[in-house]
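K.L.:
predicted coordinates and the sequence they were generated for:
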Amino acid sequence: MAKGRNSGASQVIWIAFALGVSVTGTTIAQEEDGFRHLPRQMNDSSCQSYALGLAVHYEDRGGFFSFDQTSEEQFFDDIRGAEAKIRTLVAFAKGEEHVSHRGHWKQAIREYSGVNGQPKYQVRENISSAAQTLPQFQNALLKHFASKCTRDDECPITRRGNTEGAPPRPLIASITGVNGLPYKSSHVVLIKDVRPKGGFDGRSSHLPSRMEYLLENSASRRTGMTCGKSGSTEWVSNIDFNTFGGLGYVLTWIEPRE
């Protein structure tokens, strides 16, 4: 993957996590027509660990961090290292089970974030009612990313423990397709932001008619929906969410351990 560097004086770049802002030729995540690269996934079965590694990296830095022009390679190495370690821990937690699930994620993140035997982070999830409609679920996403709350008791549960003044933490979601293109099996991504598109429907001012999603995705439509080529941050206009056989919509996130 090309590294966006120049040979001039060191520049300090403040960026929101993984949004790839470039300054005078120095690029942390190279941009191509609004498409921003992230590290590629380790292999075709590590999308869970990739998303968890990015989420931990975000939580560690409260939503913002800085790089000079020599730090892009370190950022990519950090994400790859986190993904590999978390993948090993998820596999250990899974044992002989056929597939890994959020229970295995929780055990892996407890182990990965442990400091002197005390886990720093925990994996939390919010499972909607099976009767919840997609617009209602989208409204929950809007509340998470648009809320101006400053205290945990005022915030959506997904914002609990979010560093004050920082952007809302990304949410982890299982999906089966993007913009009408299906994945071969379910895939795990980070939702970094959302925005309503085309206004709201006529039945309720609180329910969006259409939504766009800013994804941090290890297998994007621009790379053939294939894991292992290149990660990306990009806006997409449609997501097919995995409802796990009618169980409901599931949002997962990482937060400081209580």
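P.N.:
Right, received. Where do you want to start? Numbers count the residues shown, from 1 in each chain.
K.L.:
C-alpha from now on. contacts and neighbour counts both.
P.N.:
OK.
K.L.:
who's in contact with the closest residue to S218 other than its chain neighbours?
P.N.:
Counting by CA to CA, 6 or more residues apart in numbering, G231 is the residue found nearest to S218 once chain neighbours are left out, at 4.0 Å. Residues near G231 by CA atoms under 8 Å, 6 or more residues apart in numbering: 37-41, 216-220.
K.L.:
show me what contacts S129?
P.N.:
247-249.
K.L.:
one more time with 10 Å
P.N.:
137, 246-250 (CA atoms under 10 Å, 6 or more residues apart in numbering).
K.L.:
what's the closest of the residues you listed to K94?
P.N.:
Comparing the contacts of S129 against K94 with CA to CA places V250 closest, at 20.1 Å.
K.L.:
and that closest one, how many neighbours?
P.N.:
18 (other CA atoms under 10 Å).
K.L.:
next one: G246
P.N.:
10.
K.L.:
quick one: it and I127 touch, right?
P.N.:
No - in this structure G246 lies outside contact range of I127 using CA atoms under 10 Å: 11.2 Å.
K.L.:
phi and psi next, for the nearest residue to K184 once chain neighbours are set aside.
P.N.:
Nearest residue to K184, sequence neighbours excluded (CA to CA, 6+ apart): T176, at 7.9 Å. For T176, the backbone dihedrals (degrees, to the nearest 10) come out as phi -120, psi -10.
K.L.:
determine the number of other residues adjacent to N162.
P.N.:
For N162, the count of nearby residues is 21 (other CA under 10 Å).
K.L.:
helix, strand or coil for it?
P.N.:
N162 carries the three-state label coil when classified by DSSP: H, G, I helix; E, B strand; the rest coil.
K.L.:
mind listing what the biggest strand by length in the chain pairs with, with the direction of each?
P.N.:
Using DSSP state E, we find that the single longest strand of the chain is strand 181-196. As defined by DSSP bridges, the strand partners of strand 181-196 come to strand 171-178 (antiparallel), strand 211-217 (antiparallel).
K.L.:
wait, which of these is closest to P256?
P.N.:
Of these, nearest to P256 by CA to CA is strand 171-178, at 14.3 Å.
K.L.:
in the closest one, what's buried?
P.N.:
For strand 171-178, burial by neighbour count (16 or more other CA atoms under 10 Å) applies to 171-178.
K.L.:
go on, stretch 181-198?
P.N.:
182-183, 187-196.
K.L.:
stretch 247-258: end-to-end distance?
P.N.:
28 Å (CA to CA, to the nearest Å).
K.L.:
what mean pLDDT does it have?
P.N.:
Averaging pLDDT along stretch 247-258 gives 88.
K.L.:
with stretch 182-192 instead?
P.N.:
Stretch 182-192 shows a mean pLDDT of 88 in the predicted model.
K.L.:
would you mind writing the CA trace of it as PDB?
P.N.:
Presented in PDB, the C-alpha positions along stretch 182-192 are these (Å, rounded to 0.1, in the frame of the first residue of the first chain):
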ATOM      1  CA  PRO A 182     -23.900  -9.000  -0.800                       C
ATOM      2  CA  TYR A 183     -21.100 -10.600   1.200                       C
ATOM      3  CA  LYS A 184     -20.600 -14.300   0.900                       C
ATOM      4  CA  SER A 185     -21.300 -14.500   4.600                       C
ATOM      5  CA  SER A 186     -21.900 -12.000   7.400                       C
ATOM      6  CA  HIS A 187     -19.300  -9.300   7.800                       C
ATOM      7  CA  VAL A 188     -18.300  -7.000  10.700                       C
ATOM      8  CA  VAL A 189     -17.700  -3.300  10.400                       C
ATOM      9  CA  LEU A 190     -17.400  -0.100  12.400                       C
ATOM     10  CA  ILE A 191     -20.100   2.500  12.000                       C
ATOM     11  CA  LYS A 192     -18.300   5.800  12.500                       C
END
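K.L.:
quick one on the thing from earlier: any chance of JSON lines for the contacts of G231, columns neighbour count, distance to F76 and pLDDT?
P.N.:
Output for the contacts of G231, formatted as JSON lines (neighbours: other CA atoms under 10 Å; distance: CA to CA, whole Å; pLDDT from 0 to 100):
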{"residue": "H37", "neighbour count": "24", "distance to F76": "10", "pLDDT": "71"}
{"residue": "L38", "neighbour count": "24", "distance to F76": "8", "pLDDT": "75"}
{"residue": "P39", "neighbour count": "22", "distance to F76": "6", "pLDDT": "74"}
{"residue": "R40", "neighbour count": "20", "distance to F76": "9", "pLDDT": "75"}
{"residue": "Q41", "neighbour count": "26", "distance to F76": "11", "pLDDT": "78"}
{"residue": "E216", "neighbour count": "30", "distance to F76": "14", "pLDDT": "87"}
{"residue": "N217", "neighbour count": "27", "distance to F76": "14", "pLDDT": "87"}
{"residue": "S218", "neighbour count": "32", "distance to F76": "13", "pLDDT": "83"}
{"residue": "A219", "neighbour count": "24", "distance to F76": "16", "pLDDT": "79"}
{"residue": "S220", "neighbour count": "25", "distance to F76": "18", "pLDDT": "71"}
